[in-house]
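*Asks:* Generate coordinates for the sequence data below:
(chains A and B)
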Amino acid sequence: MATVVYKVADDVSTDAIYPGRFMATVLPEETPQFAFADDQEFNGQLKANKIPSGSYIVGGRNFGCGSSREQAVSCLKGHELVIVARSFARIFLQNSVNLGLKLVTCPEIEANLGDTLKLDAAELVNISTGRRFAIVPLPQSRQAIIDAGGLIAYTRSRLLREAANRSVEWKTIG
Amino acid sequence: MGMTVAEKILARASGLAFAQPGDVVEPKVDLAMSHENAALVINQFNEIYQGTELTPRIWDASKVAVIFDHRVPAESPKTATNQKKVREFVAAHALAKFHDIRGDVGGICHQVLPEYGYVRPGMVVVGTDSHTTSHGALGAFAFGIGATEMASVWALGVAVNVEVPATIKINVRGRFSRCVGPKDLILYLIGQLTAQGANFKVLEFQGETIEQMFTSGRLVLCNMSVEAGATAGIVPADEETARYLSEEAGVTDSLDLVQPDPDAGYEREVEINVSALSPQIACPHTVDNVKPVEQVVGRPVHQIVIGSCTNGRLDDLAMAARIVKGRKIASGTRLLVFPASGKVYRQALAKGYVGALMQAGAVVMNSGCGPCLGVHEGALGDGEIALSTTNRNFKGRMGNPNSEIYLCSPAVAAASALTGRITDPRDESL
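*Replies:* Alright, predicted model coming up:
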């Protein structure tokens, strides 16, 4: 269970999540300070560590549209936020899977700032209103990356497997 | 059932005879492009190899392109240091397709890739930039990815776990009227589809209007397909694609002009007739907030931008120069022009466009992304209004959340520069 700490409308772009002027900053340990930088109040709360990990941002449709900048994901991941939205833009969704930012696709979600949400396997419960909302699981194709612990770990294990196979072939031929 | 262009390309790149929407495939990548964010890709690439005894190795150095365009020349020591690091990596890994900050071979990535013939019909192209969709204009399947995904491509040479998207057919008929063109068509379409209407889908552009359109215009359509959420935009490769690659990019190889099957399956079809289309304007603060120019004429503008990966090509500058030639830009309004590449800049100089624009009062800047993403060059003051041929008008996009951005064609931008207000370029009194 955790609280909704921020609520936004449809079509929130990665420019809003991580403004372009901070894009020279790339390291995941440095990007969180610029999350929602143009909203001084929320950004201030994040920087002051007033937002507990696991807190929810609730968005509308097409959350994360626009630029492919990965900082828009790493800055939210750095604060360990969970993003609930009616739908997500494609590149943002893929970047989140790759970096391990938790997304919940919940097409009917209705929640207000301060509401308490509880995430179950197949639904999201708004404890404050008593309403329950179905969630859409991520496509199965993304699961292998999540299971591996992100795309870095997934790719690393594939390279290691390929290297091991090559070494077996080499021994067989040799 | 037959296949769309996207399905054909993804099937072939994945070693399959057939692919349909929803299939999960692993296409081999033909071209992998990054700009300054290669700095982050390099970090992630090295991270992949952390804790292993493997040596970091790019799968195919001839297929990786790095083009500096977002912050050129560097606006800060931090950017300059990132660019230096990327240069060193490019040299160490012998990456062939590197375009540094130069007036000869430099430019915006989405102009440089076609200009140098790096993109061919039937290719799978990935780029760490959402406007990588541009390259569908040459009949490739081209899509934007994040930096970590690019690091994985550099290591493996494939895009992992790609779901084959469904395709929406956009059938375009009719002839554009004077001062109306591809930018107006794509803005109109985004207004119809909405910013999310094509999320996880491909837009395949067909019809007589597309067949008669030059590659420069097709690049505009595919470039902005992502603003409707599309994974990719594609124009099936044809004689014009072959002409462009041969005449303008010097490509002599034989080309595979991938066409959709006659019985290809489309999720839906959208019909557009452009004959009666007005110049279109995307109003603040979303790209799908599109209105015909008639509804916004007269709005005062402080800064006008002509350029970007959407509209910084030679025909765009020609249109702007023709409109402002011998006239003066209104006082209180500034016009900034960013040719899309060094080559475009030199051609525009030779043809007198740069001179005409400057004599009218325009400031012609170096090639690059300019103020489009709010990084440097051309910031807006509080309460100011920009009119721009770029592709995004999100709040704060040009660096100041207390400003507004309207998007338009080069013709509208140039006509409006003369009056200082949003102006219909078809106005005979101009």
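
*Asks:* Neighbours of the spatially closest residue to residue B:274 that is not a sequence neighbour, how many?
*Replies:* Distance criterion C-beta to C-beta, 6 or more residues apart in numbering or on different chains; nearest residue to residue B:274, sequence neighbours excluded, is residue B:174 at 4.4 Å. (Glycine included, C-beta is placed from N, CA and C.) Residues near residue B:174, counting by other C-beta atoms under 10 Å in any protein chain shown, number 15.

*Asks:* same deal with residue A:145?
*Replies:* 23.

*Asks:* Tell me which residues are up against the longest helix seen in chain A.
*Replies:* Longest among the helix segments of chain A by residue count, using DSSP state H, is helix A:151-173. Helix A:151-173 is contacted from outside by A:97-99, A:144-145, A:148, B:44, B:47-52, B:54, B:148-149, B:151-152, B:155-156, B:160, using C-beta atoms under 8 Å, 6 or more residues apart in numbering or on different chains.

*Asks:* buried stuff in it?
*Replies:* A:151-152, A:154-156, A:158-159 (16 or more other C-beta atoms under 10 Å in any protein chain shown).

*Asks:* Can you flag the buried ones in the contacts of helix A:151-173?
*Replies:* Judged by 16+ other C-beta under 10 Å, buried ones among the contacts of helix A:151-173: A:97-99, A:145, B:44, B:47-49, B:148-149, B:151-152, B:155-156, B:160.

*Asks:* Greatest separation within those: which pair is it?
*Replies:* Farthest pair in the buried ones among the contacts of helix A:151-173 (C-beta to C-beta) is A:97 and B:49. Separation: 21.2 Å.

*Asks:* and the gap between the residue most central in space within chain A and residue A:145?
*Replies:* Centroid-nearest residue in chain A, with C-alpha atoms, centre = their mean: residue A:101, separated by 3.0 Å. Using C-beta to C-beta, to the nearest Å, one gets 12 Å for the distance from residue A:101 to residue A:145.

*Asks:* Report pLDDT for residue A:169.
*Replies:* For residue A:169, the pLDDT comes out at 71.

*Asks:* for residue A:144, same thing?
*Replies:* We have a pLDDT of 88 for residue A:144.

*Asks:* my read: it touches residue A:150, true?
*Replies:* No: using C-beta atoms under 8 Å, residue A:144 makes no contact with residue A:150, being 11.1 Å away.

*Asks:* Now the stretch 301-430 of chain B against chain A: closest residue?
*Replies:* In the stretch 301-430 of chain B, the residue that lies nearest chain A is residue B:373 (3.9 Å; C-beta to the nearest C-beta).

*Asks:* who's in contact with the closest residue to that residue other than its chain neighbours?
*Replies:* In space, and not counting its chain neighbours, residue B:373 is closest to residue A:20: 3.9 Å by C-beta to C-beta, 6+ apart. By C-beta under 8 Å, 6+ apart, the residues touching residue A:20 are A:67, A:69, B:373-375, B:397, B:399.

*Asks:* hmm, back to that, shouldn't the residue of the stretch 301-430 of chain B closest to chain A be in contact with residue B:396?
*Replies:* No: between residue B:373 and residue B:396 there is no contact under C-beta under 8 Å: 10.3 Å.

*Asks:* Tell me which of these two has more neighbours.
*Replies:* Ranked by neighbour count (other C-beta under 10 Å), residue B:373 and residue B:396 place residue B:373 first, with 25 against 21.

*Asks:* Which helix in chain B has the most residues?
*Replies:* helix B:77-92.

*Asks:* Would you check that residue B:104 makes contact with residue B:342?
*Replies:* Yes: using C-beta under 8 Å, residue B:104 is in contact with residue B:342, at 5.5 Å.

*Asks:* These two: who's more crowded?
*Replies:* residue B:342 (21 against 11).
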